[in-house]
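A.B. asks: Show me the folded form of this:
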Amino acid sequence: MVDLTLIKEHLEVVGSDGGHVGRVDHVNGDQIELAKLDLAGGFKHHYIPTSWVDYVDDDKVRLSLTQDEAKAQWTEKH
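C.D. replies: Coordinates of the predicted model:
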């Protein structure tokens, strides 16, 4: 299980393939809200579950899904 306290604002979120998914805005319970001001997210907030996080290193949150898989399954903030 990943220590969610390691997930900090502005960390880059990347897929298992290294592809850019977004940047962390904040963690809300079991969801990571991605920053709105990111070209990858189409300038909209998106949520991904913390269960997708494989590990966190110094400057990135790495997911167990590829970039395309994550983007196909994320949810948009309404």
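
A.B. asks: Between the two ends of stretch 15-29, how far is it?
C.D. replies: 21 Å (Cα to Cα, to the nearest Å).

A.B. asks: What strands flank the strand ranked longest in the chain, and is each parallel or antiparallel?
C.D. replies: Criterion DSSP state E: the longest strand present in the chain is strand 20-28. Applying DSSP bridges, strand 20-28 is found paired with strand 12-14 (antiparallel), strand 31-34 (antiparallel).

A.B. asks: In the sheet, which residues pair with the most centrally placed residue in the chain? Tell me.
C.D. replies: In the chain, the centroid-proximal residue (Cα atoms, centre = their mean) is V13; its distance is 4.4 Å. The partner list for V13 in beta bridges (DSSP bridges) reads G22, V61.

A.B. asks: So which residues of the chain form strands?
C.D. replies: Under DSSP E, the chain gives strands at 12-14, 20-28, 31-34, 46-49, 53-56, 60-63, 75-76.

A.B. asks: TSV for those, including distance to V2 and mean pLDDT?
C.D. replies: (Glycine included, C-beta is placed from N, CA and C.) Output for the strands of the chain, formatted as TSV (distance: least, Cβ to Cβ, whole Å; pLDDT from 0 to 100):
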stretch	distance to V2	mean pLDDT
strand 12-14	13	97
strand 20-28	11	95
strand 31-34	11	96
strand 46-49	12	96
strand 53-56	5	97
strand 60-63	9	98
strand 75-76	20	93
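
A.B. asks: Reformat the ones you listed into CSV and put distance to L4 next to each item.
C.D. replies: Shown next, in CSV, are the strands of the chain (distance: least, Cβ to Cβ, whole Å):
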stretch, distance to L4
strand 12-14, 13
strand 20-28, 6
strand 31-34, 9
strand 46-49, 11
strand 53-56, 8
strand 60-63, 10
strand 75-76, 18
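
A.B. asks: Quick check: which of those is nearest to A40?
C.D. replies: Comparing the strands of the chain against A40 with Cβ to Cβ, the closest turns out to be strand 20-28 (5.2 Å).
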